[in-house]
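1. Need a 3D model of the following:
(chains A, B, C, D, E, F, G and H)
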8 protein chains.
Amino acid sequence: MNRAGLRALLDQVREGALAPEAAEALLLGELSRPAFEDLGFARIDHHRALRQGFPEVVLGQGKSPDQIAAIAERIVALGDSLLVTRTTREAYEQVRRRVPDAAFSEQAGVITFRQGDQPRGRGTILVAAAGTSDLPVAEEAAITADIMGNDVDRLYDVGVAGLHRLLSAGDRLAAARVLIVVAGMEGALPSVVGGLVQAPVIAVPTSVGYGASFQGLTALLAMLNSCATGVAVVNIDNGFGAAAIASAINHLE
Amino acid sequence: MNRAGLRALLDQVREGALAPEAAEALLLGELSRPAFEDLGFARIDHHRALRQGFPEVVLGQGKSPDQIAAIAERIVALGDSLLVTRTTREAYEQVRRRVPDAAFSEQAGVITFRQGDQPRGRGTILVAAAGTSDLPVAEEAAITADIMGNDVDRLYDVGVAGLHRLLSAGDRLAAARVLIVVAGMEGALPSVVGGLVQAPVIAVPTSVGYGASFQGLTALLAMLNSCATGVAVVNIDNGFGAAAIASAINHLE
Amino acid sequence: MNRAGLRALLDQVREGALAPEAAEALLLGELSRPAFEDLGFARIDHHRALRQGFPEVVLGQGKSPDQIAAIAERIVALGDSLLVTRTTREAYEQVRRRVPDAAFSEQAGVITFRQGDQPRGRGTILVAAAGTSDLPVAEEAAITADIMGNDVDRLYDVGVAGLHRLLSAGDRLAAARVLIVVAGMEGALPSVVGGLVQAPVIAVPTSVGYGASFQGLTALLAMLNSCATGVAVVNIDNGFGAAAIASAINHLE
Amino acid sequence: MNRAGLRALLDQVREGALAPEAAEALLLGELSRPAFEDLGFARIDHHRALRQGFPEVVLGQGKSPDQIAAIAERIVALGDSLLVTRTTREAYEQVRRRVPDAAFSEQAGVITFRQGDQPRGRGTILVAAAGTSDLPVAEEAAITADIMGNDVDRLYDVGVAGLHRLLSAGDRLAAARVLIVVAGMEGALPSVVGGLVQAPVIAVPTSVGYGASFQGLTALLAMLNSCATGVAVVNIDNGFGAAAIASAINHLE
Amino acid sequence: MNRAGLRALLDQVREGALAPEAAEALLLGELSRPAFEDLGFARIDHHRALRQGFPEVVLGQGKSPDQIAAIAERIVALGDSLLVTRTTREAYEQVRRRVPDAAFSEQAGVITFRQGDQPRGRGTILVAAAGTSDLPVAEEAAITADIMGNDVDRLYDVGVAGLHRLLSAGDRLAAARVLIVVAGMEGALPSVVGGLVQAPVIAVPTSVGYGASFQGLTALLAMLNSCATGVAVVNIDNGFGAAAIASAINHLE
Amino acid sequence: MNRAGLRALLDQVREGALAPEAAEALLLGELSRPAFEDLGFARIDHHRALRQGFPEVVLGQGKSPDQIAAIAERIVALGDSLLVTRTTREAYEQVRRRVPDAAFSEQAGVITFRQGDQPRGRGTILVAAAGTSDLPVAEEAAITADIMGNDVDRLYDVGVAGLHRLLSAGDRLAAARVLIVVAGMEGALPSVVGGLVQAPVIAVPTSVGYGASFQGLTALLAMLNSCATGVAVVNIDNGFGAAAIASAINHLE
Amino acid sequence: MNRAGLRALLDQVREGALAPEAAEALLLGELSRPAFEDLGFARIDHHRALRQGFPEVVLGQGKSPDQIAAIAERIVALGDSLLVTRTTREAYEQVRRRVPDAAFSEQAGVITFRQGDQPRGRGTILVAAAGTSDLPVAEEAAITADIMGNDVDRLYDVGVAGLHRLLSAGDRLAAARVLIVVAGMEGALPSVVGGLVQAPVIAVPTSVGYGASFQGLTALLAMLNSCATGVAVVNIDNGFGAAAIASAINHLE
Amino acid sequence: MNRAGLRALLDQVREGALAPEAAEALLLGELSRPAFEDLGFARIDHHRALRQGFPEVVLGQGKSPDQIAAIAERIVALGDSLLVTRTTREAYEQVRRRVPDAAFSEQAGVITFRQGDQPRGRGTILVAAAGTSDLPVAEEAAITADIMGNDVDRLYDVGVAGLHRLLSAGDRLAAARVLIVVAGMEGALPSVVGGLVQAPVIAVPTSVGYGASFQGLTALLAMLNSCATGVAVVNIDNGFGAAAIASAINHLE
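-> Residues are numbered from 1 along each chain as shown, chains lettered A, B, ... in the order given. Reported below is the predicted structural model:
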C-alpha cells in the first residue's frame, strides 16, 4: 500500500463507501507487514511505498545476480512493482527464474516488473538527450518515469551544436510538466532548455565524451553552473535519480 | 505581464469579462515592450516573466554598484519586482537612490522590491539548514522563495549530529510541498531528509567548513551521491537557484 | 611472543610462579629471534607482535602468489597467526600448500590462520555497513578484528535513507566499545552514528558508487568533514586499517 | 549532568548513599531540562554531555561574535563547561562581557571556561607536532584534551628530517595511552610514530606548507595512506576533532 | 620593421621604386638592431614583430610598475607600438611619465600606445560576451585585436539562458571572419555560436561565477568539450591570447 | 550543396552562365532536402555542409557498429563525403557492407569515403607530432584535414628534448598557413613552435605518458598556459577538432 | 662515440699517443654519422651519447613491438648500447630476432644489450625501496643505473613503519654517492633518508597503494613537500628517470 | 663544525699537523654541544652541519618575527651561518636587533648572515629563469647556493617563446656543473635545457601565471613529465630546495 492507496482508503471511509471495520482489517494487515525484512546481506524497506510513493528500488551495481534475484523475489512476493537499475543480462536471467514476466532493457541496464495500481502523475515528463551516446542514461530515466506512473515524451539527439533540431520541438518542450535533460561532453543543453521553459528542469550529466570530459565531470560542473533558472542536477549517469524526483514533482497535486 | 497574467486575461475574454477590443489593446501594449533592452553593458530580458514566471533577477556579483542601480531602475520602471542577489550594502545604497523603498538583507546579501501581483504557489516551501553558519545561504533561498510568491517555513540548525532536533520537526517536514535543504561540511542532511519525505528535495551545498571541505566541494559531492531518492542539487551557496526551481515546482498546478 | 605475553611472564616471575632461570631461558630464546628476516624481496618484521600487539600482516596487493606463500610460511613457522589482506583465491591456493589449515574469505579477499593465544579485547567492536555493496570492506574489517582477539557485532544495510533500520538497533550501537562504520556514496552514516554514541567511531569510506562518487573520494571527504565528534577516518576500502586501530583501542586497559 | 554523573548517581542509590526519593528529584530536574534550546539562529543541544560525555562545543568559524557570546552565555548558565574553537579575540571580548572568567588562547584561537566535575581520562594523551608552524593546531588539540579531562603531554618540533629529536623521546611515546600526531608538508610523522607504538594514533594534517602542499591536502592524503597500523585521521587543521576522539578513547574503562 | 614592412620593401625593389642601395641601407640598419636587449631583469625581444607580426607584448602581472615602465620606454623608443596587459593604474602612472600619450583601460587593465603602420587584418573580429561580468576579459580581447590592426565588433550580454538575444544578432555573427566568444559559469556560449557559423571560433573561459565554477575551470572544461566543430580554446581570462591568434588568422591572406 | 557550391551557383547566375530558371530549380531541390533526418536514435544534420562547410561528421565512440553503419549509409546516399572518427575495425566492417569503397585507418581509428567537390583550402596545414606514440592522434588530424580539402604536411617525432630535429625543419614550419602541433607528456612543443612562426597554431594534447601525465591533463594544462602567442588548444586526443578549425582557417579567403 | 670517448681521443692527441691524421680520420667518420635517422615513425637521435653521455633510450610504452624492434636494430647497428623501458615480453621476442643477445627483466619490463665502453661513475648509487610491491620500479632504476656505468647497491623493503630495518643499514646509506629512494603509499621514506645523509636523494613515487593513494599521486605530493633538504623528485613510477639523473650526478668529476 | 671540517681535522692528525691531544679536546668540545636545543616552540638541530654539510635553515613562513629572531640568535651564537627563507622585512627588523650584520633580499624574501668557512663546491651552479616574474624564486635559489659555498651564474628571462635568447647562451649552459631551471606557466624550459646539456638539471616550477596555471601546478606537472633525461623536480616556488640539492651535488668530490 502506497500513500495514495492510504488516502483513497480513508476517503472511502469518510464517504461511507467502506465500513470502518473493513478499513481496520485492511490497515491492520498492512501494519503487520514488517518495516523492513532482513535477508542477512540486505534489509528490504517494506514501508518505502507508504513513505515515498514507490517501493524500494534495487541498485544492481555491486550486488551479485543471486543477491539481486533474492531481493527481487521478496519485493514481488509482497505485491510491489520491481525496478532494478544498473544491472546486467546475467542478473536478469537469474531474476527471470523467480519472476518469469520480468522485462529487461539491454540499453538501459534495467529490469522491470509491474503489478498493483501505481498512481498516475498529472502531466508529461519530457526526456531530452543531446546525443545518441546519451541514450542508455536517457532510457534509464524514461523507463523509471514510466513505471512510476508518468506519461513520458522522448526527444533525442537535440544537442546545441545544431540548435534548429531543438527549437523545432518548442511545443513539446512547452507541453511538459517536468523536463529531464540528459547531456555529456560540455553539458550545455540544460542551460538552453532552461531558458526556454517555465517548468522545472532536472539535468543529468553523462559520462559521454573523452579527454577533458573526465567521465562526465565536465558536464556535471557545467550543469551546476547553469545561468538558466529552474535547473537542478543529479549525479553523473543517474537517469534513475532524475526520474525519481521528476516523478515526485509530477505527482504533486 | 507574466504567464499567469496572460492566462487570466484570456480567461476573462472567454468568460466575457473583458471585451476582445480591450484585450487586444492590452496585448499590443505588452508586445510593444521590447524583448530585451540594451544598456550597453547589459541586455535586460523583458520577456522573462512571460517566459519563466518571474522577471529577470540581477546577479550582483561582478557588477559595479552603478551597473546594478541602472539595471534595477529599468526593471522597476517597467512595473516588475526587483531581486538582486550576491550583492553588498554599497550597491544597496546606490539602488536606494533610484528605488527608495527597496529593502536589503545584510545576512543574505539580497536587495528586494515588490510590486505587481505575483501569483501564489500552492503549498509551503520548507527551508532547512544544518547549522548557524549556513544561514546566509538559507536566507537567500527563503527571501527568494518569498518574493516569488511562496509561503516559506524556516527550520534552522538541525544538523545530523543531533538527530532529535530534526526528528522533532517531522510534521513540518511532512507538510511541505517542496523542501530546500542547506548544509555545508559533510552535506548529509539532504540524504536524511530525503529518506523521510515524499516531496521533492532541492539540496544546497554551502561553503561552510574548512580543510577538506574545499569551500563546499565535499558537501556538493555528498549531495550528488545521496542514497535517498527525490533529491536534486544546485551549485554551492546557490540559495537563489534552489528557491527558483522550488518555486517553479510549487507553482505547478 | 607479544607484549601481553611478555607482561604475563614478568607477572609470573613476580608472583613466584616462574623461576627466574626459566624466565631467563625463555627470554633469551625470544631475543635470539632476529628483529627481521630478509627474504630478498621482503624483510619480515619478527618483532611486530612485541612492538604492536599483533604479528606483521601481509598486504596481498602487488605481491605475487609465490611471494605471499613464502612470507606466509615463514610467519606461521615462527608460531604467529597469519593474516593476508587484499588477496585472491589464486594466492590462497599457493598458501594452502604450505599452510594447509589456512582459511579464505572470498568476499573479503582475506586469508587467515590462527595459532597462539591472542589477548582478548575488553569489549565488542560493532561493524556497521550502509549497504549490501559495502560488505566486502565490512567483512575485511570484521575478520581482522576477530583474528586480533575482539568480539565482533555485524550490523549491515543500515544506510541513512531508511533511518528506522539504524534507529531500531540503538541498543547494539550503545553496547559497543568501539564502532567501525562503513559506507560509500555520500558517506553520511558515520555522522549519524557519531551523533548517537559516546564510544569512538572509526569511519571507513568505500569505493561503492558511480559518477561523482569518484571511487570513494566523496565518501572519504564527507567523513573527514563529519559534524559529529568522536569520528576518525581511514583510507578508502581500508577495512583492515579500521579494525587494527579499533582493536588497539579495544585492547586498552 | 553527563553520563559519568548519571552512573555515579545510580551507584549511590544502589549503595544506599542516596535515597531513591532524592535521586528521583534530581533526575526529574535534569529531565525537565529541554533536549535543545532554540535561539532562533541556533539550537543548543543540552543533552550532549549526557549522550556524548561533554557539553556541546561551539565552532566559532562562521558565527558572529554576538552569536558566539549568546550561545556561550546559555551553555555557562546551565552549569556546563565552555569550549569555543576557531574563533577570534574579537569574539572573546564579547564572550568575556557575559562570562568574565573565560580564558583565551591567541595561538590556538580557543575560548575556554571550566565548571563542574569533568570525569578524568585513564591515561595520558601525547600531542606531538612536527614543526613550529604546526603549534596552533597542536595547541587546539592540547587545550581541548585538557578541558575534556585528560592529562596532556606536549612534544613539539620533532619532524622526521631530524629523527633523533623524535627517537630521544621514546619513553614519552611509549607512556601515552593515546597519541595525537600533528604535521603539515609531507605528513610523514604519524607513519613513523605509528610504527613505534602500540597505542592508537590520531593523525592531524595541517595546512602548513606551500606550493604542492595544497593547504594541507598532501599531508592529509599521506596520513590516510600510512603504512603503519593503528592510525586514523581527522580533517586538516582539526586539532579539536582529534582531541575529541582521543578523549573518548582515553575515557574508555 | 615587421614582416609586412619587409615584404613591402622587397616589392618596391622589384618594382624599381626603391634603389637596391637604399634598400641595403635600410636593411643594414634594421639588422644592426640587436635580436634582444638585456635590461638585467628582462630581455626585450626586438625581432618579435619581424618574426610574429607584432612587437613584444608586456604581461604586467608579476612585474613592478618600475619594471613595466622601463620595458615600455625601450619598446616605444624603438618605434614599436606598446601593449601592456593585466596591469594596474599604478603602473600606468609610471608608464605615462615616460610615454605621455599612452592610454589606459581601467576595465580591461590594459595600457596602449600606437605608432607605426600596423598592417590591417582582412575582415572583422567579433567579440561576443555572455554576461556583464565578462566584460573585463572581453575588453582585453577587443583592445588587443584593435591595436593589432583589426576591425572589431562587440556583442555583449548574449548568454544562452535568453537565446533570442543571441539569435537576433545572426547577421553580425555571419559577417565576422573570426569570432572570440567569452563566457564564464557553464561556458556554453561557444558551443551555441560554433554551431551557427562557419568561421573559426576562439573560446575564452572567464573566472566569472562562484562555487563549482572553480574560478573558471568549469567554463574551460566545457569549452574544451564543445560538441561544435571549429572551436579552440585559450586560458581562463586570457582575452589577450584569444585576440592574438584571432589577429593572426585575420591577417592571413 | 555546401556554401562554396552555393556561391558558385550564384556567381554563374550573375555571369549569365546559368539561367535563373535553372538555378531556381536547383535551389528548390536543395531546399526540399530536410534540415535533419530522424533515425530514431539520431538526427542527421543535412544542412551542416551549407552551414559549416563540411557534412556532419560521425563520432564513432559510444555508438554501436549498426548505428554507425546506418548513419553512414544515409550520409553517403545524399551525396556527401563520410568521416567517422574514434571508431573500430568492427564498425568499419559494418560500414563497408553499405559503402563498399569506404577506407579505414587502423592507426587513427578513422573511416573515410570521398565524393563530391570539396573546396580546397588556400595553403598547407602542417601536422607536427612530438613522439612516435602521438601518431594516432596526429593521423586523425592529418586524415581529417585531408578529406576536408587541405594540403597536409606531416612532421613527426620532433620533441623538444632533441631540438635540432625541429629546428632543421624551419622552412616547413614557415611555409605552413596553419599548424597543428600534437604532443603528450609535458606538452612543450606548441610553445616552442609558437615562438618560431607567425601562423596560427592549434595545439593538441595527447594522453601519451604515465604517472603525473594524468592521461593528457598535464599536456593540456601546459598548452593552455603557453607563453607563446598565437596558440589555441583543443581537447585531449582531439585530432579531429584541431583539423576542423585548422581547415576553417585555411579556407578563409 | 660519447663525450668521454671524445675527450680521451683529444687527450691521446695531446700526449702524442695518436697521430693527428688518425684522429682526423676517426672524427670525420663520427661526423659523417647523421645527427638523427628518420625511420618515418621515429627519428633516432644519433648524437645523444655525445650530447648527454648515453645513447637514446627507447620508451617502449605506446610503441608497437615492430616499431621497438626496428629502432633497437638501428641503435645496436651503430655500436651503441640498448635500453628499452616500460616494455613487454612480446616486444622482447621481436627484439631478440634482431639482437639475439638482448636481455629482458620481466619484473622491471626492461630490455638491455651492452656494447662499447660505458664510462664508469665515481661512486655507488644506492636504490632503496619501501616495500616489496615497489620492486618493479626499483629494478627499472637499478638496471638503468647499471647499464649507464654505475655500481648499484639494492636496499629493499625498508619502509618507515619498521624503522629499525632502515636504521640497521646506516653504513650503506652513508657510503652511497647518490641515493634513489622508491616508495608508494604515503611516500615518507625519502624524507627520513634525506634527513640521514649528505648525498643527493632522488625520490621516486610509485603507484603502489589503493584508495586515496590515487595511483601514486599521494606519494608524489608527499615527496615534493619533503621537509628534508637535498631531495628532488621524478615522475610516478619513473625508475628510469631517477637513474638517469643519478648517473649524471655520479659521473660528475 | 661541518663534515668538511671534521675530515680536515682528522687529516691534520694523520699528517702530524695536529697533536692527538689537541684534536681530542676539540672533538670533545664539539660533542659537548647538544644534538639539538629546545626553545620550547622549536628544537634547533645543532648537528645538521655535521650530518648534512650546512647548518639548519629557518623556514620563515608560519613563524612569528619573534620566533625567527630567537632561533636566528641561537644559530649565530654557535658560530654557524644563518639562512632564513620565505620571510618578511618585519622579521628582518627583529633579526637585525640581535644579528646587526644580517642582510636581507626584499625580492627573494631571504635573510642571510655568513660566518665560518663554508667548503666550496667544485663547479658553477647556473640559475636560469624563464621570465621576469620568476625572479623572486630564482633569487632565493641563487642566494642559497651562494651562501652554501657555490659559484653562481644567473641567466634570466630566457623563456622558450623566444628560443634565440636561450640558444645564444649555449656556452654558459655547457659550463655549469649543475643547473637550476626556474619557470612558471607551461614550465617548458627544463625540458629544452635538459635536452641541451649533460649536467643534472633541477627544475623549479613557480606559481607565476593565471587561470589554468593553478598557482604553479601546471608547471610542476609539466616538469615531472619532462621528455628530457637528467631532470628532477622540487616543490612549487622552492628555490631554496633546488639550491640545497644542487649544492649537495656540486660539493661531491
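2. OK, contacts around A:V95?
-> A:P65, A:I68, A:A69, A:A72, A:V84, A:A102, A:I111 (Cβ atoms under 8 Å, 6 or more residues apart in numbering or on different chains). Bear in mind the C-beta positions are built from the backbone N, C-alpha and C, glycine included.
3. Next step: those restricted to strands.
-> A:V84, A:I111 (DSSP state E).
4. just checking, which of the contacts of A:V95 belong to helices?
-> A:P65, A:I68, A:A69, A:A72 (DSSP state H).
5. Just name the closest of the residues you listed to D:L252, please.
-> Closest to D:L252 out of the ones in helices among the contacts of A:V95 is A:I68 (41.0 Å), distances taken as Cβ to Cβ.
6. Okay, and the residue lying closest to the closest one once chain neighbours are set aside sits in which element?
-> Spatially, and ignoring its direct neighbours in sequence, A:I68 is nearest to A:A91 (4.7 Å; Cβ to Cβ, 6 or more residues apart in numbering or on different chains). Assigning secondary structure by DSSP states H and E places A:A91 in helix A:89-98.
7. got the phi/psi numbers for the closest residue to chain C within the stretch 151-253 of chain A?
-> Closest residue of the stretch 151-253 of chain A to chain C, Cβ to the nearest Cβ: A:I236 (3.0 Å). With angles defined as degrees, to the nearest 10, A:I236 sits at phi -60, psi 130.
8. just checking, A:I111 touches A:F104?
-> Yes. Counting by Cβ atoms under 8 Å, A:F104 is a contact partner of A:I111 at 5.4 Å.
9. Would you mind confirming that A:L173 is in contact with A:L189?
-> No. With contacts counted by Cβ under 8 Å, A:L173 stays clear of A:L189, the gap being 11.4 Å.
10. Give me the common contacts of these two.
-> By Cβ under 8 Å, 6+ apart, the residues touching both A:L173 and A:L189 are A:A128, A:L166.
11. For the residue of the stretch 151-253 of chain A closest to chain C, list the residues it contacts.
-> A:P205, A:T206, A:S207, A:Q215, A:G216, A:L217, A:A219, A:L220, B:L224, C:Y210, C:G211, C:A212.
12. check those residues against chain E, which are close?
-> Filtering those for proximity to chain E (criterion: Cβ under 8 Å from any Cβ of the partner chain) leaves A:L217, A:A219.
13. Do a quick rundown of the strands in chain A.
-> With DSSP E as the criterion, chain A has strands spanning A:36-38, A:43-45, A:58-59, A:82-85, A:103-105, A:110-113, A:124-129, A:151-156, A:178-183, A:201-205, A:231-233.
14. Relative to E:E253, how far out is A:R96?
-> 69 Å (Cβ to Cβ, to the nearest Å).
15. Compare neighbour counts for the two and give me the winner.
-> A:R96 (17 against 8; other Cβ atoms under 10 Å in any protein chain shown).
16. excluding its backbone neighbours, what's nearest A:L83?
-> A:L83 sits nearest to A:V57 (Cβ to Cβ, 6+ apart), 4.6 Å away.
17. dump the residue contacts of the residue in chain A that chain H sits nearest to.
-> Nearest residue of chain A to chain H (Cβ to the nearest Cβ) works out as A:A212 at 10.8 Å. Shown in contact with A:A212 (Cβ under 8 Å, 6+ apart): A:T218, E:L221, E:L224, E:N225, F:L217, F:L220, F:N235, F:I236.
18. Out of those, give me the two with the largest separation.
-> E:N225 and F:L217 (13.4 Å).
19. the more surrounded of the two?
-> E:N225 (31 against 20).
20. ok now do the more buried one, which residues does it touch?
-> E:N225 touches A:M185, A:E186, A:G187, A:G209, A:G211, A:A212, A:S213, A:T218, A:A219, F:N235, counting by Cβ under 8 Å, 6+ apart.
21. right, and out of those residues, which lies closest to chain G?
-> A:G211 (16.3 Å).
22. CSV for the contacts of A:I236, including distance to E:D157 and pLDDT?
-> Shown next, in CSV, are the contacts of A:I236 (distance: Cβ to Cβ, whole Å; pLDDT from 0 to 100):
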residue, distance to E:D157, pLDDT
A:P205, 27, 98
A:T206, 30, 98
A:S207, 33, 96
A:Q215, 33, 96
A:G216, 30, 97
A:L217, 29, 97
A:A219, 25, 97
A:L220, 26, 98
B:L224, 31, 98
C:Y210, 38, 95
C:G211, 34, 96
C:A212, 32, 96
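23. on that earlier part again, out of the contacts of E:N225, who's nearest D:L167?
-> A:A212 (47.8 Å).
24. Read off the pLDDT value for A:L39.
-> For A:L39, the pLDDT comes out at 80.
25. Pretty sure it sits against A:A72.
-> No. A:L39 is beyond contact range of A:A72, at 11.3 Å (criterion: Cβ under 8 Å).
26. Which one's more surrounded, these two?
-> Neighbour tally, A:L39 and A:A72, criterion other Cβ under 10 Å: the higher count belongs to A:A72, 26 against 16.
27. From A:D80, how far out is the more buried one?
-> 10 Å.
28. Quick check: nearest residue in space to A:A169, chain neighbours excluded?
-> A:L155 (5.6 Å).
29. Can you name the residues that contact that neighbour?
-> So A:L155 contacts A:L126, A:V127, A:A128, A:A129, A:A169, A:R172, A:L173 (Cβ under 8 Å, 6+ apart).
30. run the last query once more with 7 Å
-> Going by Cβ atoms under 7 Å, 6 or more residues apart in numbering or on different chains, A:L155 touches A:L126, A:V127, A:A128, A:A169, A:R172.
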